[in-house]
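# Here is the input, now give the coordinates:
(chains A, B, C and D)
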2 protein chains.
Amino acid sequence: MTKFEFERPNTITRPELLVDGSDFKFRQMIYDMDHLVHLIQDTRRNISQTLDLSPPEFNALMGIAQLQGQQGVSVGDLARHLHVAGPFATQQANLLKKRNLVAKKHNPSDRRSTLLTLTEEGEEMFRKLAPKLQKLNNRIFANLDEADFHRFCGLLQSIASGWTQTQLSYEAETLE
Amino acid sequence: MTKFEFERPNTITRPELLVDGSDFKFRQMIYDMDHLVHLIQDTRRNISQTLDLSPPEFNALMGIAQLQGQQGVSVGDLARHLHVAGPFATQQANLLKKRNLVAKKHNPSDRRSTLLTLTEEGEEMFRKLAPKLQKLNNRIFANLDEADFHRFCGLLQSIASGWTQTQLSYEAETLE
DNA sequence: TTGACTTAGCTATTTTTGATAAGTAATTTG
DNA sequence: CAAATTACTTATCAAAAATAGCTAAGTCAA
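Take a look at the predicted model:
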């Protein structure tokens, strides 16, 4: 009475994504995406540390720098950009305000909303950080040429859009 | 005395990755990678819920299914695969053991190490899950043809390898 | 214009994820 | 054999982020 090895079923069946009928390369891709996530997080943690910020504070700072235009960015928009819940964005913004890196002001055209902008000090921090960021990013993406870059951007968006459609149809099914 | 808008410095300077001298598309790429991470996490949370598992439990289950061969996978190898600390892998494995989805046995050739395998019940769960997983993955990656798939895998690895080299040189610099 | 509803954000609390510290047992090496 | 290393575990702790419930402000229809 021998016990046979578990034959793990494939996790995808589209023939385009199978190699010799196996999902091995597909699993490796999922694993590599996971790996990349951790590289991103480690890198952000390193940079955050040099600025004496927590990773979520750093993320918020970058988000505000990216999204503030002339007027600033609302807490809700920042939260959506960072993919976090509203109150968490509030909290991080308050921490950055305590550090004088970010200012809050009321939106004159809607007094419910608060607009976030970098202070002079916050801008200065960003400017001082920029050269290090450039050096780091130049190295990290040194293997990517122009064609790779545009291909990768396109593929990312293609996957994301496939995913979003799936989420929608998946949710629809649970209502059946 | 007018205050001018903050001119955010670019975060990368390699000309191959700039479009009209701006890092806009590069920032979008970083954002899209982030977005994808959250799609992965949301999807895993959804699947986990249908199995009445927490996301880390589900990750561990998938990892064990992937890595157990004839003998099983050690706790340490699982931890490295999942990019988590050893004790956390221990904990998740124990939770799965309590649920009778995973069995532990001593490694006959090294009694310090514990080998994890799916139980019959764990295998059965995987087999029942597989068709749903296939359907989901087929949909998510529906936009990817064979060439896209292989390109994407290659680009992922290319970026990861650039990243790893950078981490190494970065760490080396802090010792200067 | 007032009452019902919605939206934005905040405070307080809780959950979840994951790491660290410290220890035991087994193994390898000088 | 003693010292160092490895694999894992238990117990503890910290960080990240979500939820619940609240207030203030805005919108809109009767």
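# I figured residue A:82 hits residue A:89, correct?
Yes. With contact defined as C-beta atoms under 8 Å, residue A:82 reaches residue A:89; the gap is 6.4 Å. Any C-beta I mention is one placed from the backbone N, CA and C, and that applies to glycine too.
# Looking at those two, which is more packed in?
Between residue A:82 and residue A:89, residue A:89 has the larger neighbour count (other C-beta atoms under 10 Å in any protein chain shown), namely 25 against 21.
# Residue A:78 and residue A:40, how far apart?
Note on residue A:78: its distance to residue A:40, by C-beta to C-beta, to the nearest Å, is 19 Å.
# Which residue of those two possesses the greater neighbour count?
Neighbours were counted for residue A:78 and for residue A:40 using other C-beta under 10 Å; residue A:78 has more, 24 against 16.
# Identify the residues contacting the more buried one.
By C-beta atoms under 8 Å, 6 or more residues apart in numbering or on different chains, the contact list for residue A:78 reads A:60, A:63, A:64, A:67, A:89, A:93, A:116.
# Sort out which of the residues you listed are buried, if you could.
Neighbour-count burial within the contacts of residue A:78 applies to A:60, A:63, A:64, A:67, A:89, A:93, A:116; the criterion is 16 or more other C-beta atoms under 10 Å in any protein chain shown.
# So in terms of bridging, what pairs with the residue lying closest to the fourth one once chain neighbours are set aside?
Put plainly, it is residue A:67. Take residue A:67 and drop its neighbours on the chain: the residue closest to it by C-beta to C-beta, 6 or more residues apart in numbering or on different chains is residue A:73, 3.9 Å away. Beta-bridge partners recorded for residue A:73 (DSSP bridges): residue A:116.
# and if you look at residue A:103?
Beta-bridge partners, per DSSP bridges, of residue A:103: residue A:117.
# Residue A:112: what secondary structure?
For residue A:112, the assignment made with DSSP: H, G, I helix; E, B strand; the rest coil gives strand.
# Compute the first-to-last residue distance for stretch A:98-107.
With C-alpha to C-alpha, to the nearest Å applied, stretch A:98-107 spans 20 Å between its terminal residues.
# And that stretch, what's buried?
A:99, A:101, A:102, A:103.
# who touches the last one in this structure?
To tie it back to what came earlier, the one meant is residue A:103. Per C-beta under 8 Å, 6+ apart, neighbours of residue A:103: A:97, A:116, A:117, A:118, A:119.
# if I pick the residue nearest the centre of chain A, what's in contact with it?
Nearest to the geometric centre of chain A sits residue A:82, at 6.7 Å (C-alpha atoms, centre = their mean). Going by C-beta under 8 Å, 6+ apart, residue A:82 touches A:59, A:60, A:63, A:89.
# Looking at those residues, which are in helices?
A:59, A:60, A:63, A:89 (DSSP state H).
# you'd agree the first one is up against residue A:44?
Same thing as residue A:59. Yes. Residue A:59 is within contact range of residue A:44, at 7.0 Å (criterion: C-beta under 8 Å).
# so where do the helices sit in chain A?
Ranges of helices within chain A are A:24-51, A:55-67, A:75-82, A:86-98, A:120-140, A:146-174, based on DSSP H.
# Of those, flag the one that's most buried.
Among these, helix A:55-67 has the highest mean neighbour count (mean count of other C-beta atoms under 10 Å in any protein chain shown), at a mean of 21.
# Give me the contacts around that one.
A:41, A:44-45, A:47-48, A:51, A:53, A:72-73, A:77-78, A:81-82, A:84, A:88-89, A:92-93, A:95-96, A:101-102, A:116-118, A:122, A:125-126, B:6, B:8, B:27.
# Residue A:85 and residue B:124: what is the separation?
Using C-beta to C-beta, residue A:85 is found at 36 Å from residue B:124.
# swap that for residue A:148, please
For residue A:148 relative to residue B:124 (C-beta to C-beta), the value is 43 Å.
# for residue A:115, same thing?
Relative to residue B:124, and taking C-beta to C-beta, residue A:115 is found at 55 Å.
# ok now do the closest residue in space to residue A:96 that isn't next to it in sequence, which residues does it touch?
In space, and not counting its chain neighbours, residue A:96 is closest to residue A:102: 3.9 Å by C-beta to C-beta, 6+ apart. Residues in contact with residue A:102 (C-beta under 8 Å, 6+ apart) are A:60, A:61, A:64, A:93, A:96, A:116, A:117, A:118, A:119, A:122.
# Run through chain A and note the low-pLDDT ranges.
Scanning chain A for pLDDT under 70 picks out the ranges A:1-3, A:168-176.
# Residues of it that sit close to DNA strand D?
A:54-56, A:59, A:83-88, A:91, A:110-112 (C-beta under 7 Å from any atom of the strand).
# Max pairwise distance over these: which two?
A:55 and A:111 (32.1 Å; C-beta to C-beta).
# Let me know whether stretch A:40-48 sits next to chain B.
Yes. Counting by C-beta under 8 Å from any C-beta of the partner chain, chain B is contacted by stretch A:40-48 at A:40, A:42, A:43, A:46.
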